[in-house]
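**Student:** Sequence and predicted structure, then a few things I'm wondering about:
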Amino acid sequence: MTVASAGNHVPIRRLLEVGRTLVSDLDTDAILQRVLDAAIEITGARYAALGVLDERRGELAQFLSAGIDAAAARAIGSPPQGRGVLGVLISDPRPLRLANVSDHPRSYGFPDGHPRMGAFLGVPVMIRGQAWGNLYLTDKRGAGQFTAEDEEAAVILSEWAAVAIDNARVYERSELRRKQLEQAVRGLEATRDIAMAISTVTRLDHVLELIVKRGRALVDARAVLIMLRHGPDLVVAASAGYAQDVRGHRLPVADSTSGQVLERGRPERIADVSARLRITPSELGVPDAHTALLVPMSLRGSGVGVLAAFDRGEHGAAFTEADEQLLQAFGATAANAVALARSVEADRLRSSMAAADAERGRWSRELHDDTLQVFGGLRMLLSGTLRRGDPSRYEDMMRDAIEAIEQGIESLRAIIADLRPAALDELGLQPALEALLGRRRDGGLKIESELALPDAGAGDAALEPELETTIYRLVQEALTNVVKHSGASRARVAVQVDEHEVAIEVQDDGTGFDPTASTEGYGLAGMRERVYLAGGTLEIVSGNEGTRVRSCLASRFREPSGTTRPAPRRAAS
């Protein structure tokens, strides 16, 4: 058997070769282009097109053409949707051969810029008994119209195309399932590792490192960061991959894309990092990043932090919907791991600090009951000796000894008060703070104070003991730094308590310091630990005009929730 092409006979062997080439290809786009090229070669058509039907098989969802250059395609404009003569094959999927397409009663004519076409040949592409699309051929070279042999060749070609396209689609579906299964397995492995970490790794930094490494492998990202919420900010806590170490960098929740993702609780895929991220990528340690996937980490409706993945694969491609779903599920597990690790650390820290406070209390009692009593007895003994002895011999010595002992007693009393002020247990927070300020004033520091605290004697609800201790220690440590390190002459202390918040501020006019540098001697680590345990925020601003320490803690009262509480009283000095 032979078929005609531009006046020459093409043997069936050529159709077989084309068929073998088509079915050996598993790329649908490549198959469609091969079909168009083969159709022009075999039938001698000047123009060829493939129309792919939509899901309802009522219109063309895709239209591919050959023989029309790019300039002509732009002039034509939008591709056809399957009306007119093209629609005939959609409603009646059988071969259609016309001497002149314009003579058909369904012809709409040609749009402006469209080349004029005469002879027409259309055949359906049927896959598993259902119409998938149509092959259209127009303007046969060297002849007036397409022949029956051309139609037969086109039908055979469309059948080869149907087999090849079906094979490619089956392969693509199997590849998609394989990739989805691989992703699911990776997701399960990552979730398993995080679950194991919860039971075996309790250090938060180790858990964070595991999360970013597993998250990066999960979505094949070049870099992954984890940002945890601390008050009004997101703080970079860990990173993996091609990312610079910018741990500790802060960005506001209210004015950042990452913060929006956290607040809305919905992930976001970003195609252009520089345009959408609202900060420069270098601030997050990924200066060369192009694409991103931001996923919220939420636990019981509360935002814990954000997982940020940058640049998928070697070439930095955009992240897919499957990546988004996978990382979002992983983020929920990661949030649970972070919360548990924080809880373990907090319990450990709370136990450590409770033990330290108990130890201070023990030393306070021992110094008071033992050492202080010894000094007091010695003073009485020396005083009696002075009264009974030879004044000319012992008077100067005894007076010097008594003066030294009295200084020692005063020093011990100050130490006892600082270790665990009795007023904090016996009278409450405000008397303890006033006594603390009084001792600092006695040391020469001019202090302006403003204390708006609950007054138990006036019926106010008292704060929880642990919160009172935190407030006292923060003020104490801040004033100790003022006295020891700042060289300040004046300070201002404000503690204000309302129904929802405790605001603490200590400000001085001394020499500032760098809060980000190594400042172990300033006791900042202990201050931050206490604030962290209380679920609050700590801000330290220091410079040439002095230092300001400000902390905000959530109010917690001893009385049951819902009971009416009088407003805190204000005292200023």
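**Tutor:** Done, it's in. Residues are numbered from 1 along each chain as shown.
**Student:** would you list every one of the strands in the stretch 51-200 of the chain?
**Tutor:** Here the stretch 51-200 of the chain has its strands, by DSSP state E, counting those that start in this stretch, at 60-66, 96-98, 120-127, 130-140.
**Student:** and the host helix or strand of residue 18, how far out from the chain's middle?
**Tutor:** In this structure, residue 18 is located in helix 12-23 according to DSSP states H and E. The chain centroid and the centroid of helix 12-23 are separated by 54 Å under CA atoms, centre = their mean, to the nearest Å.
**Student:** and the closest residue to residue 537 other than its chain neighbours, how many neighbours?
**Tutor:** Using CB to CB, 6 or more residues apart in numbering and skipping residues adjacent in sequence, the residue nearest residue 537 is residue 231, 3.7 Å away. (Glycine included, C-beta is placed from N, CA and C.) Residue 231 has 16 neighbouring residues, counting by other CB atoms under 10 Å.
**Student:** How about the contacts made by residue 231?
**Tutor:** By CB atoms under 8 Å, 6 or more residues apart in numbering, the contact list for residue 231 reads 536-537, 552.
**Student:** Export those as a markdown table, with columns for neighbour count and secondary structure.
**Tutor:** What follows is the contacts of residue 231, written out as a markdown table (neighbours: other CB atoms under 10 Å; DSSP: H, G, I helix; E, B strand; the rest coil):
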| residue | neighbour count | secondary structure |
| --- | --- | --- |
| 536 | 20 | coil |
| 537 | 15 | strand |
| 552 | 18 | strand |
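**Student:** what secondary structure does the residue nearest the centre of the chain sit in?
**Tutor:** Against the mean C-alpha coordinate of the chain, by CA atoms, centre = their mean, the closest residue is residue 306 at 1.7 Å. Three-state call for residue 306 (DSSP: H, G, I helix; E, B strand; the rest coil): strand.
**Student:** so what's it up against?
**Tutor:** Residue 306 touches 226-227, 234, 258-259, 261-262, 294-297, counting by CB under 8 Å, 6+ apart.
**Student:** Which ones among those lie within helices?
**Tutor:** 258-259, 261-262 (DSSP state H).
**Student:** ok, so of those, who is nearest residue 131?
**Tutor:** The shortest approach to residue 131 among those belongs to residue 261, at 44.3 Å (CB to CB).
**Student:** Show me where the stretch 251-400 of the chain has its strands.
**Tutor:** Under DSSP E, counting those that start in this stretch, the stretch 251-400 of the chain gives strands at 268-270, 292-299, 302-312.
**Student:** any chance of those strands in TSV, plus distance to residue 469 and mean pLDDT?
**Tutor:** Shown next, in TSV, are the strands of the stretch 251-400 of the chain (distance: least, CB to CB, whole Å; pLDDT from 0 to 100):
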stretch	distance to residue 469	mean pLDDT
strand 268-270	42	93
strand 292-299	28	90
strand 302-312	26	89
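**Student:** could I get the ones you listed as JSON lines with distance to residue 156?
**Tutor:** Converted to JSON lines, the strands of the stretch 251-400 of the chain look like this (distance: least, CB to CB, whole Å):
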{"stretch": "strand 268-270", "distance to residue 156": "45"}
{"stretch": "strand 292-299", "distance to residue 156": "47"}
{"stretch": "strand 302-312", "distance to residue 156": "42"}
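**Student:** Kindly reformat the ones in helices among the contacts of residue 306 as a markdown table containing distance to residue 544.
**Tutor:** Output for the ones in helices among the contacts of residue 306, formatted as a markdown table (distance: CB to CB, whole Å):
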| residue | distance to residue 544 |
| --- | --- |
| 258 | 34 |
| 259 | 32 |
| 261 | 39 |
| 262 | 36 |
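**Student:** Now the buried members of these.
**Tutor:** Among those, those buried by neighbour count (16 or more other CB atoms under 10 Å) are 258-259, 261-262.
**Student:** Please produce CSV containing these, extended by pLDDT and distance to residue 148.
**Tutor:** Output for these, formatted as CSV (pLDDT from 0 to 100; distance: CB to CB, whole Å):
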residue, pLDDT, distance to residue 148
258, 90, 67
259, 90, 70
261, 92, 64
262, 90, 69
